[in-house]
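S.K.: return atomic coordinates for the entry below.
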Amino acid sequence: MPLYELSSDLIAEIPTVTYASLGLREREDVQRVLREHIDVISPDTLILAEEFGEWIDSRRRIDLLGLNRDGSLVVIELKRTEDGGHMELQALRYAAMVSTLTFEQAVDAHQKFRESRGLLPASAEIIIREFLDIADGPVAFSNKVRIILASANFSKEITSTVLWLNAQGLDVVCVKMRPHSFQGRVLLDIEQVIPLPETAAFQIAIREKLVAQEALATSGRDLTRYRLQTSQGETFANLPKRRLIYKIVAEAIKLGVKPIEILDAVPWRQANMFISAPGRLSGVALMATASGRSAARYFCDDAELFHVDDHTYSMSKQWGLRTEDAVKKILDILPTNHGLQYESEV
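M.R.: Numbers count the residues shown, from 1 in each chain. Down below sits the predicted model:
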């Protein structure tokens, strides 16, 4: 669909132009800008590398290699052409090549990417771990590789191929990026055409349900529930691990233990156990200060926040194999006769 300018007495079409006619180059212009604003075509994505080609045939390079918060790698291919060329076949080859990428290789690639752009020194491993909200332990990427194709347009050949690939369980997204010239400016009309946004959520939900069912059947996920009793005689039953440690941290803070003391007790979670900001804030206001952090991963309802020394704290919901270790470490720093008792429920 074309873009139109609406005025008081007419609707005028804003002409579609080509990247070539605007003097825009694929890598130096379009790719460079998208690299800095990747959320417009791939939300919740961290760019790991640009022109990635860490394999034997170094002539083949991925325009942008990303990582989604769900742990899946993202192959992003860009084309200035009006029909997308044969980019879907090229992207499939790249997806196959990076499907075996390890966490250590991703860290190395991201470190080189940051150095090549002259970014401030920082640990690529810490950046990736914070992005995934995995403070410690091994990191394994999803077996699925997402493919995002971005072009001014797509031929029927490409769209038919992508629809078929998605029906086979692949995750391929087509995004149109049509340039328009308007009063000396370049407007970019960005539209996801496959899958249609109206059906994407449903398709993703079905796919995630199947993945979750397979993971639950094969991973031996720990579904232990706990019972907690406080010194005031309150009893909380059927607590999953994340809720157990939240309740214990809440009791610790009631007993006068500072968040910094809790972090010292569980040093492996110092990077992302809490989000904090000065002042007495609401959950919404606190999360607004934490760019790139998902509210779904934190106890950030107003009633769940901690207010200590004129600061507001929200605690992470992401707890793994060392949750009980953390619980024991926190109990060890509580005042004598704290009265907290917990046990697993059969």
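
S.K.: for the stretch 101-250 of the chain, just list every one of the helices.
M.R.: Counting by DSSP state H, counting those that start in this stretch, one finds helices in the stretch 101-250 of the chain at the ranges 103-116, 124-132, 156-167, 197-219, 241-254.

S.K.: rank those by mean pLDDT and give me the bottom one.
M.R.: Sorting these by mean pLDDT places helix 197-219 lowest, at a mean of 59.

S.K.: give the contact list for L3.
M.R.: Applying C-beta atoms under 8 Å, 6 or more residues apart in numbering, we find L3 in contact with 13-14, 16, 180, 187, 189. The C-beta positions use only the backbone N, C-alpha and C, and glycine is treated the same way.

S.K.: now render the residues you listed as CSV, adding neighbour count.
M.R.: Output for the contacts of L3, formatted as CSV (neighbours: other C-beta atoms under 10 Å):
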residue, neighbour count
E13, 10
I14, 15
T16, 16
H180, 17
L187, 14
D189, 15
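
S.K.: any chance of these in CSV, with pLDDT too?
M.R.: Shown next, in CSV, are those (pLDDT from 0 to 100):
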residue, pLDDT
E13, 77
I14, 80
T16, 77
H180, 82
L187, 82
D189, 80
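
S.K.: CSV for those, including distance to M97?
M.R.: Shown next, in CSV, are the contacts of L3 (distance: C-beta to C-beta, whole Å):
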residue, distance to M97
E13, 42
I14, 40
T16, 34
H180, 35
L187, 35
D189, 32
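
S.K.: from those, which ones fall inside strands?
M.R.: Here DSSP state E is the test, and the contacts of L3 give 13-14, 180, 187, 189 as lying in strands.

S.K.: tell me the one of those nearest D108?
M.R.: Each of these was checked against D108 using C-beta to C-beta; the closest is D189, at 37.2 Å.

S.K.: which residues touch the closest one?
M.R.: Counting by C-beta under 8 Å, 6+ apart, D189 has contacts 3, 176-180.

S.K.: try it again at 7 Å.
M.R.: By C-beta atoms under 7 Å, 6 or more residues apart in numbering, the contact list for D189 reads 3, 178, 180.

S.K.: mind checking how far it is from R178?
M.R.: Counting by C-beta to C-beta, to the nearest Å, the gap from D189 to R178 is 4 Å.

S.K.: name the nearest residue to the most centrally placed residue in the chain, ignoring sequence neighbours.
M.R.: The centre of the chain sits closest to R69, judged by C-alpha atoms, centre = their mean, with a distance of 2.2 Å. Spatial nearest neighbour of R69, chain neighbours left out: D44 (4.5 Å); criterion: C-beta to C-beta, 6 or more residues apart in numbering.

S.K.: okay, and for the protein, where does confidence drop off?
M.R.: 1, 23, 25-28, 55-59, 80-86, 121, 197-222, 346 (pLDDT under 70).

S.K.: could you chop this structure up by domain?
M.R.: Here the domain parsing of the chain from automatic domain parsing is 3-217, 225-345.

S.K.: just how off-centre is the last one within its chain?
M.R.: Distance of domain 225-345 from its chain centroid, counting by C-alpha atoms, centre = their mean, to the nearest Å, is 23 Å.

S.K.: how near is D325 to I76?
M.R.: 39 Å.

S.K.: have a look at those two and say which one is more surrounded.
M.R.: The residue with more neighbours, out of D325 and I76, is I76; 27 against 11, by other C-beta atoms under 10 Å.

S.K.: tell me if the more buried one really is in a strand.
M.R.: Yes - assessed with DSSP: H, G, I helix; E, B strand; the rest coil, I76 lies in a strand.

S.K.: look up how far V74 lies from the closest residue to it other than its chain neighbours.
M.R.: Nearest residue to I76, sequence neighbours excluded (C-beta to C-beta, 6+ apart): L64, at 4.0 Å. Note on L64: its distance to V74, by C-beta to C-beta, is 8 Å.

S.K.: please name the nearest non-neighbouring residue to G283.
M.R.: Computed as C-beta to C-beta, 6+ apart, the closest residue to G283 that is not its neighbour in sequence is C300, at 4.0 Å.

S.K.: tell me the bridge partners for E77.
M.R.: Following DSSP bridges, E77 is listed with bridge partners L149.

S.K.: the closest residue to I127 other than its chain neighbours and E125, how far apart?
M.R.: For I127, ignoring the flanking residues on the chain, the nearest one in space by C-beta to C-beta, 6+ apart is H110 at 6.8 Å. Per C-beta to C-beta, H110 is found 8 Å from E125.

S.K.: between these two, which one's more packed in?
M.R.: Neighbours around H110 and E125, counted as other C-beta under 10 Å, are more numerous at H110. The numbers are 23 against 16.

S.K.: you'd agree the more buried one is up against R129?
M.R.: No - under the criterion of C-beta atoms under 7 Å, H110 is not in contact with R129, lying 11.2 Å apart.

S.K.: picking up where we left off before, possible to save the ones in strands among the contacts of L3 as TSV with distance to S344?
M.R.: Output for the ones in strands among the contacts of L3, formatted as TSV (distance: C-beta to C-beta, whole Å):
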residue	distance to S344
E13	67
I14	64
H180	61
L187	59
D189	56
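
S.K.: make TSV from the contacts of D189 and add distance to K254 to it.
M.R.: Formatted as TSV, the contacts of D189 follow (distance: C-beta to C-beta, whole Å):
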residue	distance to K254
L3	57
R178	57
H180	59
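
S.K.: which SS class is S8?
M.R.: coil.

S.K.: give me the neighbour count for D63.
M.R.: The burial count for D63: 24, using other C-beta under 10 Å.
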